[in-house]
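In: predicted model, plus sequence, below.
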Amino acid sequence: MAVAASKGLFNSEFHGNKMMERKSSGRRRVFVQTETGSVLGIELDRSDNAHTVKRKLQIALNVPIEERSLIFGDVVLKNDLSTVRNDSPLLLTKNFMHRSSSTPCLSPTGKDVQQRDQSGPIEILVCSDHFSRIRKLVRKIVEAMKFGIDPIPVCGGLGGAYYFRDCQGENCAIVKPTDEEPYAPNNPKGFIGKALGQPGLKRSVRVGETGFREVAAYLLDYDHFANVPSTALVKVTHSIFNVNGEVNGTKQQERKEFSKIASLQQFIPHDFDASDYGTSSFPVAAVHKIGILDIRILNTDRHAGNLLVRKIDGGGGLDQVELVPIDHGLCLPENLEDPYFEWIHWPQASIPFSEDELEYISHLDPFRDSELLRMELPMIREACLRVLVVCTIFLKEAAISGLCLAEIGEMMSREFRGQQEEPSELEFICIEARRLLEERNMLSDNVRAVENEFQFEIDCEEESDITCNLEKKLAPQACWPLGGNIQNPLSKVEENVEEWTEEDGNIIPPRSDKYAFTAQEKAPTVPRLSMSMKNVSIGDKSWKHENVMQKNGYLSGTSSGNRSVNEQLAGSTRFVKLADMSEEEWVQYLENFQHLVYLAFSNRKSGSVGQRQRQRLGTSCQF
Ligand SMILES: Nc1ncnc2c1ncn2[C@@H]1O[C@H](COP(=O)(O)OP(=O)(O)OP(=O)(O)O)[C@@H](O)[C@H]1O
């Protein structure tokens with residue numbers, strides 16, 4: 001993809017972006033979190049390895065280490081720790097194979113709860129040198145804490161969150177501990193039942209992993225285009241935090257301090273959220289910019305409550321408002337999930353992008369974005385980065401084709417028909433890109449098989465016969481790669497029971513669960529596909545989808561704690577999975593994807609397909 005990198009696009013806070021060590025001596029520190037949320041900072045010696053770190057944890061936190069692994073993002077740390085950056089958060093988790101679905105997570109006891117390490121009350125993790133604004137904020141909060149100004153628990157939301165204050169007692173940051181997320185062991189609002197690392201509220205976002213997503217959204221918001229408040233991942237220690245099963249004393253001296261890994265975000269004073277205020281007054285540009293970010297990061301949680309509204313004096317008695325997007329913990333899922341875009345039906349979203357917005361989009365480079373995230377948040381999973389790449393390419397091609405925000409959002413969203421949910425157009429394209437990849441792999445296998453046979457036959461046949469044989473064997477696939485009437489041996493989509501498994505100590509989401517291909521049916525041809533992704537039969541197109549959120553009792557406000565993890569996972573939701581391809585396959589997949597996206601948009605533009613026609617507002621519409 002020809003994407004120019006724009007020097008000006010990087011947030012000024014990230015200039016001089018490079019791996020920095022906290023200490024020139026080369027010593028490193030890691031923050032290890034147990035499944036139940038306890039956190040301990042450990043100084044690593046040169047001789048330390050995964051086993052010695054586990055031993056230190058056993059002694060300090062009194063947690064068992066047998067059959068437990070140290071995890072750093074996608075990586076299970078076997079021995080060598082040289083790839084682990086200074087101030088990285090690691091997770092000590094039970095090897096999944098040994099975890100029965102009904103086994104409760106380790107519940108903290110008086111002993112294993114927090115032991116203080118040598119670190120300060122708030123430590124910025126991993127990328128501390130690139131967060132000057134947050135560092136100032138942290139200093140203010142620490143100062144206030146010294147004066148006894150305690151944080152205040154936030155009432156709203158499903159997860160545990162706390163407003164931290166400055167010396168004047170004003171809120172200046174919101175801190176959300178990763179072990180207090182919905183379903184996490186220390187959630188203070190009753191939404192418990194899973195261990196860190198298991199699939200959470202959104203099945204493609206694991207419990208305990210929303211914090212780094214909040215930071216990712218901030219890092220990707222170059223030039224504060226969408227206005228995401230400054231956010232960092234921190235290790236923070238305070239007695240205010242919740243640990244289920246612990247009753248903390250009421251007197252200051254009696255209160256136990258707990259360390260947590262958390263996201264820390266600048267508090268933005270605001271007047272409303274978008275659910276309380278007339279959306280027609282929202283500036284078109286603000287809606288577009290937030291929408292552009294949501295599309296890139298496949299935000300599955302952009303509901304109205306996650307858009308803060310701040311009144312600004314517009315002069316002449318006219319109120320103008322500023323929008324502030326918050327709560328990006330459910331973006332960048334590991335599979336293509338159904339996004340949620342509150343703005344999708346707002347009139348602003350139907351207005352074409354401005355020149356500035358188009359320029360911003362044209363400068364986006366998903367590969368550079370991925371590099372940035374790998375650098376700044378090394379625990380981020382490759383699966384999330386692949387989602388970022390696919391969505392950004394989709395956005396870029398859509399913008400080139402003149403689509404507006406609402407149209408792009410619709411193409412990414414699943415559609416309910418009766419009780420059934422159908423894949424989005426984006427998902428259809430991804431399915432087809434994958435099918436083409438599988439087909440190509442099969443072709444390569446066939447070629448290899450023919451070559452082997454050829455080698456054998458060469459010993460016993462005349463040269464003219466050999467050529468004839470070869471042609472016959474290759475004939476059915478001769479139209480590869482795009483545009484031919486290919487007989488597809490791989491098109492039927494089969495649904496597998498979704499089970500998270502353990503491989504080499506790592507917790508693996510359902511493997512190729514969505515698109516386990518069987519050699520049965522005829523392929524849709526690529527020209528047919530390109531007419532409209534919705535009108536093409538790709539294998540088993542109708543997705544019988546049960547609403548997992550409802551099934552889990554989440555929406556009805558009940559805890560899922562009384563249902564086993566396996567029961568919760570056994571829903572039939574399907575996802576397009578991107579993580580199970582090798583690097584080489586991924587490159588080929590992206591080529592297929594980009595080509596199909598191009599065809600889909602071209603056909604859409606030429607109006608050759610019956611699209612869902614919506615009434616759209618013209619550019620003259622004023623807000
Ligand atoms: N940066 C911020 N500045 C000011 N207030 C904030 C900020 N972030 C969150 N809040 C407030 O805290 C509340 C809870 O935060 P948030 O929505 O992020 O938590 P959550 O538990 O993830 O919520 P939800 O269940 O709605 O997804 C918000 O409704 C908002 O009022």
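Out: Here it is on my side, so go on. Numbering: from 1, shown residues only.
In: would you mind listing what in the protein touches the ligand?
Out: 154, 156-159, 161, 174, 229, 265, 267-268, 301, 305-306, 308, 326-327, 329 (CB under 6 Å from any ligand atom). To be clear about C-beta, it is placed using only N, CA and C from the backbone, and glycine gets the same treatment.
In: stretch 141-158: which residues count as buried?
Out: Residues of stretch 141-158 classed as buried by neighbour count (16 or more other CB atoms under 10 Å): 141, 144-145, 149-151, 158.
In: now, these that are in helices?
Out: 141, 144-145 (DSSP state H).
In: which residues touch the closest residue to the ligand within the stretch 1-150 of the chain?
Out: Nearest residue of the stretch 1-150 of the chain to the ligand: Leu137, at 11.3 Å (CB to the nearest ligand atom). Taking CB atoms under 8 Å, 6 or more residues apart in numbering as the criterion, Leu137 is in contact with 172-173, 230, 264, 266.
In: pLDDT of the longest helix anywhere in the chain, averaged?
Out: Counting residues, the longest helix found in the chain (DSSP H) is helix 425-457. Average pLDDT, helix 425-457: 83.
In: that helix - contacts with which helices or strands?
Out: strand 335-336, helix 382-400, helix 405-412, helix 463-474, helix 526-531, strand 576-577, helix 583-606 (3 or more CB pairs under 8 Å, 6 or more residues apart in numbering; DSSP states H and E).
In: by how many degrees do the second one and helix 583-606 diverge?
Out: In other words, helix 382-400. If you take axes from the mean of the first three to the mean of the last three CA atoms, to 10 degrees, helix 382-400 sits at 30 degrees to helix 583-606.
In: partner residues bridging Ser69?
Out: Thr93 (DSSP bridges).
In: I figured it hits Leu90, correct?
Out: No. Between Ser69 and Leu90 there is no contact under CB atoms under 8 Å: 9.9 Å.
In: low pLDDT regions in the stretch 351-500 of the chain?
Out: 454-500 (pLDDT under 70).
In: tell me which residue of it lies closest to the ligand.
Out: For the stretch 351-500 of the chain, CB to the nearest ligand atom, closest residue to the ligand: Cys384, 17.9 Å.
In: name the element Gly402 belongs to?
Out: Using DSSP states H and E, Gly402 maps to neither a helix nor a strand.
In: is it correct that it is in contact with Pro352?
Out: Yes. With contacts defined as CB under 8 Å, Gly402 counts as touching Pro352 at a distance of 7.1 Å.
In: which parts of stretch 157-172 are buried?
Out: In stretch 157-172, counting by 16+ other CB under 10 Å, buried: 158-162, 164-166, 171-172.
In: got TSV for these, with pLDDT and distance to Ala195 too?
Out: Formatted as TSV, the buried residues of stretch 157-172 follow (pLDDT from 0 to 100; distance: CB to CB, whole Å):
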residue	pLDDT	distance to Ala195
Leu158	93	18
Gly159	96	16
Gly160	97	16
Ala161	98	21
Tyr162	98	23
Phe164	98	27
Arg165	98	32
Asp166	97	35
Asn171	98	32
Cys172	97	32
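In: out of those, who's nearest Asn603?
Out: Leu158 (41.5 Å; CB to CB).
In: what sits closest to the residue of the stretch 301-450 of the chain found nearest the ligand if chain neighbours are left out?
Out: Of all residues in the stretch 301-450 of the chain, the one sitting closest to the ligand is Asp327 (3.4 Å; CB to the nearest ligand atom). Closest residue to Asp327 apart from its sequence neighbours, by CB to CB, 6 or more residues apart in numbering: Asn306 at 4.2 Å.
In: got the contact list for the one you found?
Out: With contacts defined as CB under 8 Å, 6+ apart, Asn306 is in contact with 273, 325-327, 342.
In: so which of those residues is the most crowded?
Out: Top of the contacts of Asn306 by neighbour number is Asp327, holding 25 neighbours under the definition other CB atoms under 10 Å.
In: where does pLDDT dip in the stretch 201-350 of the chain?
Out: In the stretch 201-350 of the chain (pLDDT under 70), the answer is 252-253, 314-318.
In: how about a cut-off of 90?
Out: Where the stretch 201-350 of the chain drops to pLDDT under 90, the residues are 245-257, 276-278, 312-320, 337.
In: which parts of it are helices?
Out: 210-220, 284-296 (DSSP state H, counting those that start in this stretch).
In: just name the most buried of the ones you listed.
Out: helix 210-220 (a mean of 26; mean count of other CB atoms under 10 Å).
In: if we can go back for a sec, which of the helices of the stretch 201-350 of the chain sits closest to Trp586?
Out: helix 284-296 (18.4 Å).
In: what packs against that closest one?
Out: Looks like helix 284-296 contacts helix 210-220, strand 319-325, helix 355-363, helix 382-400, helix 405-412 (3+ CB pairs under 8 Å, 6+ apart).
In: rerun at 6 Å
Out: helix 382-400, helix 405-412 (3 or more CB pairs under 6 Å, 6 or more residues apart in numbering; DSSP states H and E).
In: and the pLDDT at the closest residue to the ligand within the chain?
Out: Relative to the ligand, the nearest point of the chain is Gly157 (2.6 Å; CB to the nearest ligand atom). With respect to pLDDT, Gly157 has a value of 87.
In: show me the domain layout of this structure.
Out: Here the domain assignment for the chain is 28-94, 119-244+256-267, based on the TED database.
In: list the residues that contact the residue lying closest to Asn592 once chain neighbours are set aside.
Out: Leaving aside its chain neighbours, Asn592 sits nearest to Ala433 (4.0 Å; criterion: CB to CB, 6+ apart). Ala433 makes contacts with 589, 592-593, 596, as judged by CB atoms under 6 Å, 6 or more residues apart in numbering.
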